[in-house]
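In: With the sequence up front, the predicted model follows.
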2 protein chains.
Amino acid sequence: MPRYTAPLKDLAFVLHDTLGITSSDIPGYGDLDPAFTDAVLTEAGRIAADVLAPLNQSGDREGCHLENGVVRTPKGFAEAYRQLCDGGWTALDCDPAYGGQGLPYLMGTAVGEMLVAANMALNMYQGLTHGAYSAIHAHGSAEQKATYLPNLVSGTWTGTMNLTEPHCGTDLGLMRTRAEPQPDGSYRITGQKIFISAGDHDLAENIIHLVLAKAPGGGEGTKGISLFIVPKFLVNADGSLGPRNAVAAGKVEEKMGIHGNATCVMNYDGATGFLVGDLHKGMRAMFTMMNEARIGVGVQGYALAEAAYQNAVTYARDRLQGRAVTGAENPAGPADPLIVHPDIRRLLMDQKSFVEGARAFTLWGASLIDRATRMGDKQAEGLISLLTPVIKGFQTDKGFEMCVAAQQVYGGHGYIEEWGMSQFARDARIAMIYEGANGVQALDLVGRKLGADGGKPVMALFDMVKTLCAETAAEPRMAGFTAPLKQASKDVQAAAMYFLQVAGKSPNDALAGSTDFLHMMGHLCLGLMWARMARAALAALDSGHPDRDFLDAKLATGRYYMARHLPATALHLARIQTGAEPVMALKAEAF
Amino acid sequence: MPRYTAPLKDLAFVLHDTLGITSSDIPGYGDLDPAFTDAVLTEAGRIAADVLAPLNQSGDREGCHLENGVVRTPKGFAEAYRQLCDGGWTALDCDPAYGGQGLPYLMGTAVGEMLVAANMALNMYQGLTHGAYSAIHAHGSAEQKATYLPNLVSGTWTGTMNLTEPHCGTDLGLMRTRAEPQPDGSYRITGQKIFISAGDHDLAENIIHLVLAKAPGGGEGTKGISLFIVPKFLVNADGSLGPRNAVAAGKVEEKMGIHGNATCVMNYDGATGFLVGDLHKGMRAMFTMMNEARIGVGVQGYALAEAAYQNAVTYARDRLQGRAVTGAENPAGPADPLIVHPDIRRLLMDQKSFVEGARAFTLWGASLIDRATRMGDKQAEGLISLLTPVIKGFQTDKGFEMCVAAQQVYGGHGYIEEWGMSQFARDARIAMIYEGANGVQALDLVGRKLGADGGKPVMALFDMVKTLCAETAAEPRMAGFTAPLKQASKDVQAAAMYFLQVAGKSPNDALAGSTDFLHMMGHLCLGLMWARMARAALAALDSGHPDRDFLDAKLATGRYYMARHLPATALHLARIQTGAEPVMALKAEAF
């Protein structure tokens, strides 16, 4: 069975050495000294490794089942979920006014990585709940907040997001679910929603569904959409549970992975719903959940890669097969461990350099969110808005690729479910699809985010690269980082320039290269993170930091990423510059 | 449920327009006129689409089960397998002396693509049988041939390959299975083999296991290995089935995919075995099966991508979601079909351009095998020996990637098993692993094949590129093909030169880039094929071929591959030239 170990040392290196959070001016960051963050992360890592991880494979095997209208989750999930709630792990960055701990989003993200890595399917129940909490917290009335938030924060109730319908996923304008206003101010919700994660289960007393539906008078397309709270059990005035609402899971889908999470068809049959925020402004409210969910999915990308990588390393060290081409390294044994072979090293270094880069990128992104929300910093808000599709799209594409690479290290055993490596790949696959398929992330990036605010956010990113390169120009040990980074930035700028030139007259020329641009941006951001981590590692080495092995490995891992992955920006640029013609040349009938 | 349509037009284009097989000097090719090949392929395509494809998804769901010592295959598999045998599809390129049809290997490969695409798990039962047939045909005694081949050719019996053991996969020198010589000339085989595809089942009367084991006196490592026939039921002198041999399936593995094929743990408990070929020369005999199997696995790579692609196209045409950015293309409908969106086009073009290129590459490779075996052509033998790891490794890496891309077109539905797209990806995943994991293919390519015969085979490949470019230099319509091809060839030559310079003094520098080289070679070969197909398409257009739409699409698809995929050789070269340092820098403990 796969094992999971919390990457505490690396998390501390990112938070303190690289991001220097304790000295940040973001309100609340001053409290995040190393002793505090270490205490929180150690305890979260313990829950992840000891409580969640042991249920990951059994949850995959057992799956969720609909029995007499109720979904049964795998054995042990309810107890583990209860431990998560009791430990306050579901409430880490929630508002203290409703029972939360009020920690920065950054801390929730760092903890979230470990919970996801240990058991993605189980952690999704609380992930969706957090999204529902955020939507109600941002857009709900005072009464709604009082009614729902304390129980969502404590995890006594869970939440869901209901967008997709059988005929509409990305294109929500096609939505058919209807909301009919009632004399008492509530609405009757009727329609079918699909792919509803955690749609029904036996972990919590009540489930608070956040549902997009069309209320009369809103017009066509997405303009007519509003957001509603539809509780599984209606809530009485005294806060106790009332009658069962007319919403039920019609089916639990059989999926490629995340079997431990119940993906439901939800049928709304005149269910009672309550409007959240303004009528016909549901899309805006839903984006509160969506943006948060996209960061969360980006975390899933590298968290699963981390878990898969850890096991691949163990296998590569233990499995004896063949001899090093440069001479036996385990001459007393029947063969050398796999890890002596260069192509196995390549697979492991790909994983390690991606995961550590993505962790730094994501935690930096989380700090931008804190800066935006806690300080109202518009530049940070613009930047994280630009980077959200990159965190989601790039990290889940690469995260899946790295789970597949980890599986490959196991050879034939990687294909056998007993060894658990297939599950990482199967689970990771969904992250490329949900919360906006990665093609939609690329479209969002090129079609909306790149040109937002006159392109200031992307210019700010280029400036950060420039500043870092200028600041470290005198340090010869940084040359292996800054030279590739400058080139990558140049490539991304050339692509942005190309889009600028063609987008107006021929939008297809821009969109044909959108996924390539998403990946270029991902490489540039990870490259920037690696350069920052290298600078931090050198500073730590120079100041006599005791763990020289860790810092040396950090530098070597970064050099690998810069040498072998950053040059991909040139290929992406070449593809982008071919424009739409090759992509769009065929008539639809010619496929 | 996914559907499958035989790609008859494209197969004919490759065989006749591109490879010009009827006018080839290879013995037997003169009979392969278009009317004949069309008749064979049409009928095979019918069996694939009507008999095998409908059992693909049900076979995946039901899987194989060990019941009272016997493996039960999914419902319908036995009848479908019988139809394959009755139609002579298992005997297409087998020796007429044993009941085969004596057609070229090329035809077996073209037919094989369709059978695999329709139902990979089911087709593996006969694929393994073909490998056993080939090993006995090449290395068995006259008596063994008479005893086993007719029933293997007719499919009355099936075959298996037994190499892997729990502690040894790639490194067969670690093998523990023992063969003890008996007074009657037979051997007693004792040991455990794992990952044995089609190891036990209920499709055939008998199963002929080809087993590698160590007989006394052969020395250490792979030198002591011999090949044995171990029938499930011993065969009496009159050819009837005798007593059950002491071999049994101990377990059917639960795998990520190919659930319809029984992957067994096989226990040999003093089973009676018969030596095939020379004592202690088992590796040589096994390579007969292995090389054939590697081409077969390379076929699986693009065959599954073809099947997945066909369904992705259907979905992209049918699913209405969003509007074309250049203006509605389906204004009467609620939305435009997915296929109007550039990023969906990119996914489809990636798949289409890979599959068609890989089909041409593989069928060309099959013609090289025919040239080598039917004419004793040493140049062809050297070339296919060089290209076999490329066909296996590149095509299965990309084939899996393309199944994932096809799944992505479906959005959320791609993750739900009911839609069948997950299965293509799950099934395709094994092809990157078995018959030598792709890292082993890369090692074989760089460590053995590249320098074989003084590098003549790879020089021959470069010459083919040069010749084609020279021959078409005056044709402006070929410029979009030859310019990228020349550049790719230059990149591959630079990589080969780099390996030549470093391999002797620092083999790790070569091996660290082995997978990159495998992929470069794949791109170069597909580029060469696309240039050949473009030349053929232009010639057909100029000679007034009636199907101009097909030919125009062929040219546009080729231009896409050349513009967007061939430039990857530059990235691979850059990675190769970084050498071993970034890959090997970390101590094993530092991971």
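Out: Received the coordinates, thanks. Owing to the predicted nature of the structure, the values given are computational and were not obtained by experimental measurement.
In: Now stretch A:282-297: buried residues?
Out: Taking 16 or more other C-beta atoms under 10 Å in any protein chain shown as the basis for neighbour counts, the residues of stretch A:282-297 that come out buried are A:282-283, A:285-286, A:288-297. Heads up, the C-betas are built off the backbone N, CA and C, glycines and all.
In: Closest one of these to chain B?
Out: Looking at these and their distance to chain B, the nearest is A:Val297, at 13.1 Å (C-beta to the nearest C-beta).
In: Give me the three-state assignment for the closest one.
Out: Reduced to three states with DSSP: H, G, I helix; E, B strand; the rest coil, the structure at A:Val297 is helix.
In: Number of residues surrounding the closest residue to A:Lys255 other than its chain neighbours?
Out: The shortest distance from A:Lys255 to any non-neighbouring residue, by C-beta to C-beta, 6 or more residues apart in numbering or on different chains, is to B:Tyr415 (5.3 Å). Counted with other C-beta atoms under 10 Å in any protein chain shown, residues neighbouring B:Tyr415 total 26.
In: quick one, phi/psi of the residue located most distally from the centre of chain A?
Out: The outermost residue of chain A relative to its centre, with distances by C-alpha atoms, centre = their mean, is A:Ala332 at 45.0 Å. Listed backbone geometry of A:Ala332 is phi -80, psi -20, with angles given as degrees, to the nearest 10.
In: again with A:Asn245
Out: Note on A:Asn245: its backbone torsions stand at phi -80, psi 160 [degrees, to the nearest 10].
In: Equivalent analysis for A:Phe274, please.
Out: Recorded main-chain torsions at A:Phe274 are phi -120, psi 130, according to degrees, to the nearest 10.
In: so what's it scoring on pLDDT?
Out: Model confidence at A:Phe274, expressed as pLDDT, equals 98.
In: hmm, back to that, and the residue farthest from the centre of chain A, how close does it get to chain B?
Out: To chain B, A:Ala332 is 15 Å away according to C-beta to the nearest C-beta, to the nearest Å.
In: Tell me where the stretch 451-591 of chain A has helices.
Out: A:456-471, A:479-503, A:507-511, A:514-542, A:548-560, A:568-576, A:581-584 (DSSP state H, counting those that start in this stretch).
In: by contact count, what packs against the fourth one?
Out: So the one you mean is helix A:514-542. Contacts of helix A:514-542 with other secondary structure elements, assessed using 3 or more C-beta pairs under 8 Å, 6 or more residues apart in numbering or on different chains; DSSP states H and E, are made with helix A:342-375, helix A:378-409, helix A:438-444, helix A:456-471, helix A:479-503, helix A:548-560, helix A:568-576, helix B:342-375.
In: how about the first one: buried residues?
Out: Of the residues in helix A:342-375, A:342-374 count as buried by neighbour count, 16+ other C-beta under 10 Å.
In: Surely A:Met533 touches A:Glu356?
Out: Yes - here A:Met533 lies in contact with A:Glu356, judged by C-beta atoms under 8 Å, at a distance of 7.4 Å.
In: Next, show the common contact partners of the two.
Out: Taking C-beta atoms under 8 Å, 6 or more residues apart in numbering or on different chains as the contact criterion, the common neighbours of A:Met533 and A:Glu356 are A:Lys554.
In: For the residue nearest to A:Lys255, give me its contacts.
Out: Residues in contact with B:Tyr415 (C-beta under 8 Å, 6+ apart) are A:Lys255, A:Met256, A:Gly257, A:Arg429, A:Ile430, A:Ile433, A:Tyr434, B:Gln407, B:Ser422.
In: Quick check: the gap between A:Ser197 and B:Gly451.
Out: As judged by C-beta to C-beta, to the nearest Å, A:Ser197 and B:Gly451 stand 53 Å apart.
In: A:Leu511 too?
Out: 45 Å.
In: more crowded one of the two?
Out: When neighbours are counted by other C-beta under 10 Å, A:Leu511 comes out ahead of the other of A:Leu511 and B:Gly451, with 28 against 16.
In: list the contacts for the more buried one?
Out: Residues counted as contacts of A:Leu511 (C-beta under 8 Å, 6+ apart) are A:Leu443, A:Val446, A:Gly447, A:Ala580, B:Val325, B:His341, B:Pro342, B:Asp343.
In: Domain parsing of chain A, as residue ranges.
Out: Under the assignment automatic domain parsing, the domains of chain A span A:8-139, A:159-280, A:451-580.
In: how distant is the last one from the center of its chain?
Out: On the basis of C-alpha atoms, centre = their mean, to the nearest Å, the separation between the geometric centre of domain A:451-580 and that of its chain is 21 Å.
In: what mean pLDDT does it have?
Out: The model assigns domain A:451-580 a mean pLDDT of 96.
In: Need the distance between the two termini of it.
Out: Looking at domain A:451-580, the gap from its leading to its trailing residue is 19 Å under the measure C-alpha to C-alpha, to the nearest Å.
In: just curious, which of the contacts of B:Tyr415 is nearest to A:Tyr268?
Out: A:Tyr434 (20.4 Å; C-beta to C-beta).
In: ok, the closest one - contacts?
Out: Shown in contact with A:Tyr434 (C-beta under 8 Å, 6+ apart): A:Phe195, A:Ser197, A:Val297, B:Gly412, B:Tyr415.
In: A helix includes A:Ile208, no?
Out: No - with three-state DSSP as the criterion, A:Ile208 is located in strand rather than a helix.
In: what about it, neighbour count?
Out: By the measure other C-beta under 10 Å, the count of residues near A:Ile208 is 27.
In: check contacts around it.
Out: Listed by C-beta under 8 Å, 6+ apart, the contact partners of A:Ile208 are A:Ala132, A:Ile136, A:Tyr148, A:Leu152, A:Trp157, A:Thr158, A:Gly159, A:Thr160, A:Ile229, A:Val230, A:Pro231, A:Lys232.
In: Out of the contacts of A:Leu511, who's the most crowded?
Out: Within the contacts of A:Leu511, A:Val446 tops the neighbour count with 28 neighbours, counted by other C-beta under 10 Å.
In: give me the element A:Leu66 is part of.
Out: With elements taken from DSSP states H and E, the one containing A:Leu66 is strand A:65-67.
In: ditto for A:Thr288
Out: Per DSSP H and E, the secondary structure element for A:Thr288 is helix A:282-318.
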